[in-house]
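K.L.:
with the sequence up front, the predicted model follows.
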Number of protein chains: 2
Amino acid sequence: MDNSMSEIVVGPIGRVRNEVKEQRMGRWEEVASEIVIEEGLTECLDGLEQFSHIIVIYWMHRVAPVRQPIDKIHPRGRADLPLVGIFSTRTSHRPNPLGVTTARLVERKGNVLKVVGLDALDGSPVIDIKPYMPGYDSPPDAKAADWVEKLR
Amino acid sequence: MDNSMSEIVVGPIGRVRNEVKEQRMGRWEEVASEIVIEEGLTECLDGLEQFSHIIVIYWMHRVAPVRQPIDKIHPRGRADLPLVGIFSTRTSHRPNPLGVTTARLVERKGNVLKVVGLDALDGSPVIDIKPYMPGYDSPPDAKAADWVEKLR
């Protein structure tokens, strides 16, 4: 089997519920969300509560996908930051508007995950959930571009 | 706009090239790959070379998607590890077989990224590239399930 040349179709496994109805930049650290997973997939979550953090892959459903996006942006629209390619930023304006965010898992109750720090709008379809594995997911020697420091 | 209820279609932005033709478990740390991005998206990579690591989101094109997967597995098929839900593992047998891997960026030349440590088979379609941002992507207090230690 090789479907590498075709379009790729994914289906939501669940949905984000929170109080954030409109896009915003930053200030997500304390946002609490629930991720409601399809009931038929409940057992697929077993053991997740043994991880303090999870990687949430979600679809930015309020952003129109663009095959030929703007090539470069100033991160967060800030003119004091350099103009860089969109793949060098976390902007939602990308060919496939997927979010990949590590969030703190506060509680798992059945098919509902309570998380903090997820930067997804209310209603966002969730595509995948992975356990966050320190070391594997966090190279100790990683270094970011200088402009990232100015975001804090 | 709200397309949250529908199927989600994504299109490859590039493709992985390496020497790994068949699936395997582990031993990816030293694998060198090239990610060849579509030429029309070359400028979208500008500035990426200022990051030591990138997050690669790719499609596991040799795995058949399954809407109702096996609920639980022993990680890497090892009977000495607990039986856990598939979302508690990084198995490729998940409803949407997406890989999310942080890899070391060795070089960027035009539309080609040379990386080390990407666990994708040759030919895998790449869906998105994001810069790895220490701190944002690596919560300092993260803790994994006990069985993860036994994978090393």
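P.N.:
Received it, and whenever you're ready, just let me know what you need. Numbering: from 1, shown residues only, chains lettered A, B, ... in the order given.

K.L.:
next, see if the biggest strand by length in chain A gets close to chain B.
P.N.:
In terms of residue count, the longest strand belonging to chain A (DSSP state E) is strand A:98-109. Yes. Counting by CB under 8 Å from any CB of the partner chain, chain B is contacted by strand A:98-109 at A:98, A:100, A:102, A:104. Where you see a C-beta, it was placed from the backbone N, CA and C, and this is true even at glycine.

K.L.:
got the end-to-end distance for stretch A:142-152?
P.N.:
17 Å (CA to CA, to the nearest Å).

K.L.:
list the buried residues in the longest strand of chain A.
P.N.:
A:98, A:99, A:100, A:101, A:102, A:103, A:104, A:105, A:108 (16 or more other CB atoms under 10 Å in any protein chain shown).

K.L.:
what of stretch A:130-141?
P.N.:
So stretch A:130-141, judged by 16+ other CB under 10 Å, has buried residues A:130, A:131, A:132, A:133, A:134, A:136, A:137, A:138, A:139.

K.L.:
now what about it, what contacts it?
P.N.:
Stretch A:130-141 is contacted from outside by A:48, A:51-55, A:57, A:102, B:52-53, B:87-90, B:100, B:102, B:104, B:132, B:134, B:137-139, B:142-145, B:148, using CB atoms under 8 Å, 6 or more residues apart in numbering or on different chains.

K.L.:
rounded mean pLDDT for it, please.
P.N.:
Average pLDDT, stretch A:130-141: 94.

K.L.:
kindly check the end-to-end length of that stretch for me.
P.N.:
Termini of stretch A:130-141 sit 23 Å apart (CA to CA).

K.L.:
and stretch A:110-118, by the same measure?
P.N.:
From its first residue to its last, stretch A:110-118 covers 19 Å (CA to CA).

K.L.:
burial count for residue A:9?
P.N.:
12 (other CB atoms under 10 Å in any protein chain shown).

K.L.:
helices and strands around the longest strand of chain A, which ones?
P.N.:
strand A:53-59, strand A:112-116, strand B:53-59, strand B:125-131 (3 or more CB pairs under 8 Å, 6 or more residues apart in numbering or on different chains; DSSP states H and E).

K.L.:
note down every partner strand of that strand and its orientation.
P.N.:
Strand A:98-109 has the following sheet partners, assigned by DSSP bridges: strand A:53-59 (antiparallel), strand A:112-116 (antiparallel).

K.L.:
tell me the most buried of those?
P.N.:
strand A:53-59 (a mean of 24; mean count of other CB atoms under 10 Å in any protein chain shown).
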